[in-house]
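K.L.:
Predicted model and sequence below, questions to follow.
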Amino acid sequence: MIGSRLPTVRIPLEQGGVYAGIIRAGRPQLITDQPTIQRLMAECTTSRLLRRFVPAISKFLGYRCVLSVPMVAEGATIGLVDVGRATAFDAREVERFVVIAEQLTALVHRRLVQDTLRSSEERVRSLFEGIPVALFRISSDGVVIDANPALLTVFGYSTREELLTRNALDFFIDAEDRERCRTLLADEGHVSGVEARMRRRDGSVIWARLNIRAARQGDTVWWEGSLEDITESRLLARQLQESRRLESIGRLAGGIAHEFNNLLQVVLGHTDLLLVKVPVEDPRRSGLTQIRDAGMRAHSLVRQLVAFGRRQILDTRPTDLNGLIIHQESILRSLLGERVKVALELEPALRPALVDPCQIEQVVATLCLNGRDAMAEGGTLTIRTWNSPHGGDESLGDPKVKEGDFVGLAVADSGDGMSSETLDRIFEPFFTTKDPVNGAGLGLAVVHGVITQHGGWLKVSSAPGRGSEFRVFLPACPCAVEASRGKPAEPPGPRGNAQCLLVIEDDEVIRKMTAEALRENGYQVLEAGTRDAAMAQYAAHEEVIDLLFTDVVLPDGSGMDLVSRILAIRPELRVLLTSGYVESVPEGTIGDRSLPFIPKPYCIDEMLRAVHRALRARMEAGG
């Protein structure tokens with residue numbers, strides 16, 4: 001009732017009551033009977049105690065008549081105005097109180113609308129201020145009208161007032177992106193998912209994805225939208241794309257390498273056989289030597305292709321990178337020349353790395369020579385090492401990084417540096433900025449392949465005029481062991497002593513060449529071109545065969561299956577495996593047997609040493 005200090009009472013229509021009936025009727029009601037007036041008063045309070053005294057209160061007030069007028073605004077009842085007194089209302093009084101109720105309704109409704117709008121604006125503003133997405137509002141001529149904290153963070157501004165003095169169009173770096181957004185807004189009224197380079201307050205560059213739409217209030221038009229910093233996601237996508245591209249090129253390189261391996265096996269094998277037969281003074285020997293040298297250079301090229309494709313066989317061991325670098329230092333200084341100063345910054349407590357020392361020596365040499373070529377007028381080449389637990393801060397967000405601890409190795413030069421276009425392609429095979437005489441373009445591709453095969457990764461930082469730094473991360477050895485600094489030299493392989501070898505090779509030219517070389521070096525040889533032929537040869541000469549020399553890949557089955565079948569019959573038989581498909585290299589064991597392997601192409605001397613070691617392993621096992 002008017003002037004009442006009672007709290008607001010919500011009236012559920014479904015529960016019935018006097019007020020519910022008035023609201024349903026939607027028109028003023030004049031109540032004169034005392035029971036109804038008392039129920040009306042009881043419905044006005046939420047206090048059970050007061051409800052008990054309603055009859056006494058009603059008698060004290062002396063109400064004999066109550067006028068209840070619904071407050072209706074926009075088709076909805078928002079309240080009721082009740083007037084009670086001891087005498088009856090005439091028609092004019094009822095009309096006057098209805099007008100007063102309508103005026104009260106307008107005032108209350110206006111206040112409710114204002115409260116609703118204020119609450120809505122507060123919610124929207126809270127969302128605008130708190131959401132992590134960068135939001136903005138700009139005028140039709142590009143002036144920033146409003147911006148949330150997320151946008152300030154993206155562009156590096158500390159206060160909103162500082163940003164509001166800028167024109168949004170000035171943030172665009174490329175005029176083409178600016179004009180494209182302007183054209184889309186003019187023609188279509190919105191921009192959806194447009195990516196553009198933009199400049200932050202400190203001058204750094206980010207990639208942003210823009211979504212903008214037109215907004216209007218009366219004759220005033222502005223633009224509002226969101227901005228997403230996609231710099232990191234673009235970098236990750238680019239790294240993933242680069243990784244897949246290099247992996248595809250690596251698979252192609254590996255396939256080419258296999259075909260070359262078989263061809264080179266024939267060239268090098270027969271050349272070695274002819275060199276044994278041709279006297280030193282024979283003039284033909286010079287030509288044979290040149291053929292062999294060319295074959296060895298081709299062999300080196302194939303090894304680089306295989307290294308790039310990450311398909312070579314690694315002899316990993318705990319390795320002291322500091323010792324490896326110090327061991328190489330004198331050789332590197334002579335290769336780099338007098339104009340290049342070498343500075344070593346080696347971590348004294350460096351953990352051993354689990355790597356193939358020979359391959360890492362090649363990596364270090366390649367990076368140093370690459371740095372030398374970047375310093376035409378001379379300069380400083382810095383080699384440093386450090387421990388990098390869990391890959392350090394540089395591993396964050398990098399999809400190439402694996403779990404575990406790493407050892408860092410960096411080679412930095414003070415040379416000309418590289419452009420971003422060059423950085424995008426430096427690990428491609430045969431890409432080079434040098435002239436064809438001085439660079440084949442495989443060096444850094446090989447480095448990438450070697451490091452990736454080790455389970456590590458590389459990071460390169462460079463800019464024109466600022467030099468370059470290659471940072472290599474290699475797996476740290478999980479336990480403290482004595483680290484190796486190099487690979488021991490292979491012992492010479494003596495001639496055979498009439499031992500019998502079963503040679504299984506599907507390429508007839510390679511098989512004949514291998515058999516001839518073995519026979520000329522004191523071995524008896526049986527030949528087979530397929531798995532079935534090999535089983536037949538073994539069945540016929542089981543008692544005299546001392547060594548099984550087989551290709552892993554055979555036309556009618558797996559060489560490993562052949563070995564397993566024969567070892568099941570004769571477990572003590574020695575085995576030597578070979579293949580030009582590096583992907584087909586076996587796990588190295590059958591049961592509890594360790595199986596030696598020699599990759600193609602191999603020189604005659606390499607083959608003889610491998611055969612000698614395999615047979616010697618038999619003698620040591622038998623002894």
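P.N.:
Yep, it's here.
K.L.:
Mind checking the pLDDT average for stretch 154-171?
P.N.:
Mean pLDDT, taken over the full extent of stretch 154-171, equals 86.
K.L.:
So L67: helix, strand or coil?
P.N.:
strand (DSSP: H, G, I helix; E, B strand; the rest coil).
K.L.:
Is it in contact with F97, as I believe?
P.N.:
Yes. In this structure, L67 sits in contact with F97. The criterion is C-beta atoms under 8 Å, and the distance is 5.7 Å. For glycine as for every other residue, the C-beta is placed from the backbone atoms N, C-alpha and C.
K.L.:
Common neighbours of these two, please.
P.N.:
The contact sets of L67 and F97 overlap at 28, 83, 89 (C-beta atoms under 8 Å, 6 or more residues apart in numbering).
K.L.:
mind listing which of the residues you listed are in strands?
P.N.:
When strands are assigned by DSSP state E, the members of those inside them are V83.
K.L.:
Under the pLDDT cut-off, which ranges of the stretch 351-500 of the chain? List them.
P.N.:
In the predicted model, the stretch 351-500 of the chain carries pLDDT under 70 at residues 390-403, 429-443, 479-493.
K.L.:
Would you state the strands of it in chain order?
P.N.:
Chain-ordered strands for the stretch 351-500 of the chain, with DSSP state E, counting those that start in this stretch as the definition, fall at 353-355, 379-388, 406-413, 457-462, 468-475, 500-504.
K.L.:
just so I know, which of those strands lies nearest V108?
P.N.:
Closest to V108 of those is strand 457-462 (C-beta to C-beta; 67.8 Å).
K.L.:
Who does the closest one pair with, and is each partner parallel or antiparallel?
P.N.:
Partners of strand 457-462 in the sheet, by DSSP bridges, are strand 468-475 (antiparallel).
K.L.:
ranges for the helices of the stretch 501-623 of the chain?
P.N.:
For the stretch 501-623 of the chain, helices defined by DSSP state H, counting those that start in this stretch occupy the ranges 508-520, 531-540, 559-569, 604-622.
K.L.:
Dump the C-alpha coordinates for the first one into PDB.
P.N.:
By that I understand helix 508-520. As requested, C-alpha coordinates have been extracted for helix 508-520 and formatted as PDB (Å, rounded to 0.1, in the frame of the first residue of the first chain):
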ATOM      1  CA  GLU A 508      73.200 -60.700 -60.100                       C
ATOM      2  CA  VAL A 509      75.900 -58.200 -61.000                       C
ATOM      3  CA  ILE A 510      76.500 -57.400 -57.300                       C
ATOM      4  CA  ARG A 511      76.300 -61.100 -56.300                       C
ATOM      5  CA  LYS A 512      78.900 -62.100 -58.900                       C
ATOM      6  CA  MET A 513      81.200 -59.200 -58.000                       C
ATOM      7  CA  THR A 514      80.900 -60.000 -54.300                       C
ATOM      8  CA  ALA A 515      81.600 -63.700 -54.900                       C
ATOM      9  CA  GLU A 516      84.600 -63.000 -57.100                       C
ATOM     10  CA  ALA A 517      86.100 -60.600 -54.500                       C
ATOM     11  CA  LEU A 518      85.700 -63.200 -51.700                       C
ATOM     12  CA  ARG A 519      87.100 -66.000 -53.800                       C
ATOM     13  CA  GLU A 520      90.200 -63.900 -54.700                       C
END
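K.L.:
could you give the mean pLDDT of that helix?
P.N.:
Computed over helix 508-520, the mean pLDDT rounds to 89.
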